[in-house]
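Undergrad: fold the following, please.
(one chain, ligands or ions: 2)
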Amino acid sequence: MTQNGSCLCGAIHYTVTGPLGPAAACHCGQCRKSSGHYPAAASAKWDDVRVSGDVRWYKSSDAARRGFCPTCGSYLFWEEYDGLVYLALGALNGDTGLILQDHIFYADKGAYYKATDGRPCFSAGRSGPQVAP
Ligand SMILES: [Zn+2]
Ligand SMILES: [Zn+2]
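TA: Ligands and ions are numbered 1, 2, ... in the order given. Below you'll find the model as predicted:
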């Protein structure tokens, strides 16, 4: 199944042809700063993704970088150089068939909201402890 995504202004388009990983909302401070709230994303193999347009990359840590549109600022991609790219789900067009599975890095969430969807909340990554929403 081919899915398409783009930034807000349309300067960057992409298609993804392979399966997407589970959808997670990330509440870490970097994700919240870069998105303005908290983003949901799902992984894909870079080999399955074709991007057109000039993505700007920001090295947000030694281990990872974030891709965005230099014209409209849309946050699109996160990767840690392991062959996967995490696609910001708000940039995908139409119904991806994905339902948010869980919340990660919930210990870093903002004080102004709580997750209310009943999905598991992990203190950090999925391999760590769960916390109350
Ligand atoms: Zn754009
Ligand atoms: Zn994050």
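
Undergrad: which residues of this structure lie near ligand 1?
TA: Within reach of ligand 1 by Cβ under 5 Å from the ion, the chain has these residues: 7, 9, 11, 69, 71, 72. Placement of C-beta: from N, CA and C, glycine included.

Undergrad: just send those residues back as CSV, with neighbour count, secondary structure and pLDDT too.
TA: Below are these laid out as CSV (neighbours: other Cβ atoms under 10 Å; DSSP: H, G, I helix; E, B strand; the rest coil; pLDDT from 0 to 100):
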residue, neighbour count, secondary structure, pLDDT
7, 23, coil, 98
9, 13, coil, 98
11, 16, coil, 98
69, 21, coil, 98
71, 15, coil, 98
72, 13, coil, 98
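
Undergrad: just checking stretch 56-68 against ligand 2, any contact.
TA: No. Using Cβ under 5 Å from the ion, stretch 56-68 never reaches ligand 2; the gap is at least 9.1 Å.

Undergrad: how about the CA coordinates for that stretch, as PDB?
TA: Extracted C-alpha coordinates of stretch 56-68, given in PDB (Å, rounded to 0.1, in the frame of the first residue of the first chain):
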ATOM      1  CA  ARG A  56      16.300  20.600   6.100                       C
ATOM      2  CA  TRP A  57      17.800  18.400   8.900                       C
ATOM      3  CA  TYR A  58      18.400  19.500  12.500                       C
ATOM      4  CA  LYS A  59      20.800  17.400  14.600                       C
ATOM      5  CA  SER A  60      18.800  17.400  17.800                       C
ATOM      6  CA  SER A  61      21.200  15.100  19.600                       C
ATOM      7  CA  ASP A  62      24.400  13.000  19.000                       C
ATOM      8  CA  ALA A  63      22.100  10.100  18.200                       C
ATOM      9  CA  ALA A  64      19.300  11.600  16.000                       C
ATOM     10  CA  ARG A  65      18.200  14.200  13.600                       C
ATOM     11  CA  ARG A  66      14.900  15.800  12.700                       C
ATOM     12  CA  GLY A  67      13.800  16.700   9.200                       C
ATOM     13  CA  PHE A  68      11.500  19.600   8.500                       C
END
